[in-house]
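In: Provide a 3D model corresponding to the input given below.
(2 chains)
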Amino acid sequence: MSAINLDHISTNQLLPEVQDAMIEAIKNSYANPSSQNSKGDEAAGVIEKSRESVARLINCKNTKQIAFTSSGTESINHAIKGVAFANSDKGKHIVTTNIEHAAANRSIKRLTQMGYKATSVEVDNKGRVNPDDIAKAITSETILVSVMHSNNEIGTIQPIEEIAKITKEKKVIFHSDAVDSVGIVPIDVLQLGVDLLSFASNPYYGPTGVGGLYIRRGISIWPIIDGGVQERNKRAGTENIIGIIGMGVAADLAKKNMDKRVAHLNNLKNLLISEFPNYVDEYCINGDPENGLPNLVSVAIKYIEGESIILMLDDEGYAVSTRSACAAGSLRASHVLMSIGLDHADAQGTLVITPGVENTKEEIIGFLKALKNVVKTLRDISPLYKK
Amino acid sequence: MIYSKTVMDHFKNPRNVGVIEGANGVGEVGNPLCGDMMTIYLKIEDDHIKDIKFQTFGCGSAIAVSSMLTEITMGKSIDEAKKITNKDVAKALEGLPKNKLHCSNLGADALQLAIKNYEDKKNGIIRPEPRREAEKHEHVDGKKCFCPYCDAEVKKTAVFCKACQSDLDEHH
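Out: Coordinates of the predicted model:
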């Protein structure tokens, strides 16, 4: 059982304030926000309050441009498929990168089975896409560009502002998957210039099961869940009011504590990276040191495999992630790590270490000590390691 | 936890790890696509496996498979050892997750190669070094294509498996 969570990219504990608000919401037993009575109005008002909090977090000035969804994944599906369906009369070409999250990747792949075409632009060995390459990939048939804000495996942050200038000039809709950025680093949709932005509440200590999609006014998009008129006809289905309340409170806290959190996470990250060579040799840090998330360190440890490492670390009380094929269940080396030029064996030995606001410097050092032993044990078994 | 207690026991306390100096049979299998590689070292005397050791690069189940294999092989006659299959190893481990059966359950293959290596040496046959690269088309059986994850038949052009929705390589 892992006592210390360094896997915040997978799991976050709800902050006490978020828990309290959600428990209160459960006890309150809100009515259906669509009900035409005072109880319904009260519920609708609570949702709008959360929408304001979420809008503030990404500097969206008009709350009508925010739709609540069930997850970051749904938001991404909605953005990509919704734009593709609504604009198919203009063209059927989508431009993306080769390191997108599966939600984007597979949405686009699904569309290619329905007659759409996609161009996947390559990234450099730090995981950054060159905006010029995006510009070159855009054709007269292109209706959508989808580029993630930050990568969930290596933490690289993309030049979204520069890409937005290109899409604006070429009059192509631009979506950014910012699930691992919103609430973690400052995000300003106006400054970024995106048309659509996907996000979720759990990366910033809100509940799972609720996400959001920023849809700039005037963007032509279809719903992907049809039904009632909820979310201004953009997303049908009775609202997850308890989740939405939690998301709103978490957004307020993220906004209020942003600078403090980023500074703390950067301290932990810098400590982890600077101390690493004192505990483990023959490794490489993946990603872009200049443009990276403050809460993510991706490290390829040579000669050993990731799932074995996390199973042993779990026993020592530390939870981290791996991008090893064996652990992913997909039995395939991570497309992100292959795209930045890692070979199969190094991709297999990659750990994703994502500290959170509650972690301490002592925990980082404790983790490194545990990792040192695990690496030694597994290298002693490995046929690839020659002492 | 996706693994049985026996798998976790062999993963955490692997038996017979290491290299046998002066081994008279060595077998190596590898699958970089999934990432597992195993080397089996044998010391064969009087047609019996006197000692067996392994080295493995791979996931929890790959290490457990190697460890269990050495345990069930130790002391067996060559003829008995030749009958050991990957299925036997998985069974002794009280089962492996379905998606691990293809890739990490390679221990018996390595053992059979090691026995072959011993017999080749005995008969003076020299074979080229085995290649470490795995076959990329492992799930292609003749003219038909099969999903490597659920074994359902898939079209050659499919990007998803219709049965289990797994992503498929573009060229399969």
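In: Every contact and neighbour count from this point should use C-alpha atoms.
Out: Fine.
In: residue nearest the centroid of chain B?
Out: Residue closest to the average C-alpha location in chain B (C-alpha atoms, centre = their mean): residue B:106, at 0.8 Å.
In: Now do the contacts for that one.
Out: When contacts are counted by C-alpha atoms under 8 Å, 6 or more residues apart in numbering or on different chains, residue B:106 touches B:29, B:38, B:62, B:65, B:86.
In: Could you give the number of residues near the third one?
Out: Neighbour count of residue B:62, defined by other C-alpha atoms under 10 Å in any protein chain shown: 27.
In: How many residues are close by the nearest residue to it once chain neighbours are set aside?
Out: Setting aside the residues directly before and after it, residue B:62 is nearest to residue B:104 in space (C-alpha to C-alpha, 6 or more residues apart in numbering or on different chains), at 4.6 Å. Applying the criterion other C-alpha under 10 Å, we find 27 residues in the vicinity of residue B:104.
In: Now do the contacts for residue B:104.
Out: The neighbourhood of residue B:104, defined by C-alpha under 8 Å, 6+ apart, consists of B:36, B:58, B:59, B:61, B:62, B:65.
In: Out of those residues, the closest to residue A:370 would be?
Out: Within the contacts of residue B:104, the smallest distance to residue A:370 is 18.4 Å, found for residue B:59 (C-alpha to C-alpha).
In: any idea how far the closest one is from chain A?
Out: Counting by C-alpha to the nearest C-alpha, to the nearest Å, the gap between residue B:59 and chain A amounts to 5 Å.
In: Now that residue: phi and psi?
Out: Residue B:59 adopts backbone torsions of phi -80, psi -180, taken as degrees, to the nearest 10.
In: Helices of the stretch 51-200 of chain A, start to end?
Out: Using DSSP state H, counting those that start in this stretch, the helices of the stretch 51-200 of chain A run over A:72-86, A:102-112, A:131-137, A:160-170, A:189-192.
In: Likewise for chain B?
Out: When assigned using DSSP state H, the helices of chain B occupy the ranges B:5-12, B:60-73, B:78-82, B:86-92, B:98-101, B:107-123.
In: Which residues belonging to the last one are considered buried?
Out: For helix B:107-123, burial by neighbour count (16 or more other C-alpha atoms under 10 Å in any protein chain shown) applies to B:107, B:108, B:109, B:110, B:111, B:112, B:113, B:114, B:115, B:116, B:117, B:118.
In: Now distance to residue A:361 and pLDDT too, for the residues you listed, in a markdown table please.
Out: Compiled in a markdown table, those are given as follows (distance: C-alpha to C-alpha, whole Å; pLDDT from 0 to 100):
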| residue | distance to residue A:361 | pLDDT |
| --- | --- | --- |
| B:107 | 42 | 90 |
| B:108 | 45 | 92 |
| B:109 | 46 | 91 |
| B:110 | 44 | 93 |
| B:111 | 46 | 95 |
| B:112 | 50 | 94 |
| B:113 | 49 | 94 |
| B:114 | 48 | 96 |
| B:115 | 52 | 96 |
| B:116 | 53 | 95 |
| B:117 | 52 | 94 |
| B:118 | 53 | 95 |
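In: what's the closest of the residues you listed to chain A?
Out: residue B:110 (13.0 Å; C-alpha to the nearest C-alpha).
In: Leaving out sequence neighbours, find the closest residue to that closest one.
Out: Leaving aside its sequence neighbours, residue B:110 sits nearest to residue B:27 (C-alpha to C-alpha, 6+ apart; 4.9 Å).
In: Same question for residue A:31.
Out: In space, residue A:31 comes closest to residue A:40 once its chain neighbours are excluded; the distance is 5.2 Å by C-alpha to C-alpha, 6+ apart.
In: distance between the helix or strand where that neighbour lies and the chain's centre?
Out: Counting by DSSP states H and E, the secondary-structure element that holds residue A:40 is helix A:38-57. Relative to the centre of its chain, helix A:38-57 is centred 24 Å away, using C-alpha atoms, centre = their mean, to the nearest Å.
In: Ok, stretch A:26-44 next?
Out: Here the centre of mass of C-alpha atoms in stretch A:26-44, compared against the chain's by C-alpha atoms, centre = their mean, lies 31 Å away.
In: for the record, mean pLDDT for it?
Out: pLDDT averaged over stretch A:26-44 equals 90, rounded to a whole number.
In: which residue does the stretch 51-200 of chain A bring closest to chain B?
Out: residue A:109 (7.5 Å).
In: contacting residues for that residue?
Out: With C-alpha under 8 Å, 6+ apart, residue A:109 has these contacts: residue B:159.
In: related to what we said a few turns ago, dig out what the residue nearest to residue B:110 forms beta bridges with.
Out: Residue B:27 forms beta bridges with residue B:40, as assigned by DSSP bridges.
In: That one: neighbouring residues, count only.
Out: When neighbours are counted by other C-alpha under 10 Å, residue B:27 registers 23.
In: How is chain A partitioned into domains?
Out: Domains of chain A are assigned by automatic domain parsing as A:4-11+A:258-381, A:16-253.
In: Would you format these as a markdown table with distance to residue B:12 included?
Out: Below are the domains of chain A laid out as a markdown table (distance: least, C-alpha to C-alpha, whole Å):
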| stretch | distance to residue B:12 |
| --- | --- |
| domain A:4-11+A:258-381 | 8 |
| domain A:16-253 | 27 |
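In: ranking the ones you listed by mean pLDDT, which is last?
Out: Across these, domain A:4-11+A:258-381 has the smallest mean pLDDT, namely a mean of 92.
In: Look at it and report the distance between its end residues.
Out: As for domain A:4-11+A:258-381, its first-to-last residue distance stands at 27 Å under the measure C-alpha to C-alpha, to the nearest Å.
In: per-residue confidence for residue B:103?
Out: The predicted local confidence for residue B:103 comes out at a pLDDT of 66.
In: Tell me how chain B divides into domains.
Out: The record, using automatic domain parsing to delimit domains, assigns chain B the ranges B:5-123, B:135-172.
In: hey, which of the ones you listed is tucked in deepest?
Out: domain B:5-123 (a mean of 21; mean count of other C-alpha atoms under 10 Å in any protein chain shown).
In: To residue A:382, which of the helices of the stretch 51-200 of chain A lies closest?
Out: Each of the helices of the stretch 51-200 of chain A has some distance to residue A:382 by C-alpha to C-alpha; the shortest is helix A:102-112, at 31.0 Å.
In: Please identify the buried residues of that closest one?
Out: When burial is assessed from 16+ other C-alpha under 10 Å, helix A:102-112 yields the following buried residues: A:103, A:104, A:105, A:106, A:107, A:108, A:109, A:111, A:112.
In: ok, and the closest non-adjacent residue to the fifth one?
Out: When you say that, I think you mean residue A:107. In this structure, residue A:107 finds its nearest non-sequential neighbour in residue A:77, 6.0 Å apart by C-alpha to C-alpha, 6+ apart.
In: Kindly report the same for the second one.
Out: On the basis of C-alpha to C-alpha, 6+ apart, the spatially nearest residue to residue A:104 that is not a chain neighbour turns out to be residue A:76, at 6.0 Å.
In: residues in contact with the one you found?
Out: Each residue near residue A:76 by C-alpha under 8 Å, 6+ apart is listed here: A:103, A:104, A:177, A:198, A:213.
In: Residue B:82 now?
Out: Contacts of residue B:82 were listed using C-alpha under 8 Å, 6+ apart, and they are B:112, B:115.
In: And for the one 4 residues further on?
Out: Residues counted as contacts of residue B:86 (C-alpha under 8 Å, 6+ apart) are B:105, B:106, B:107, B:108, B:109.
In: Good, we can wrap up now.
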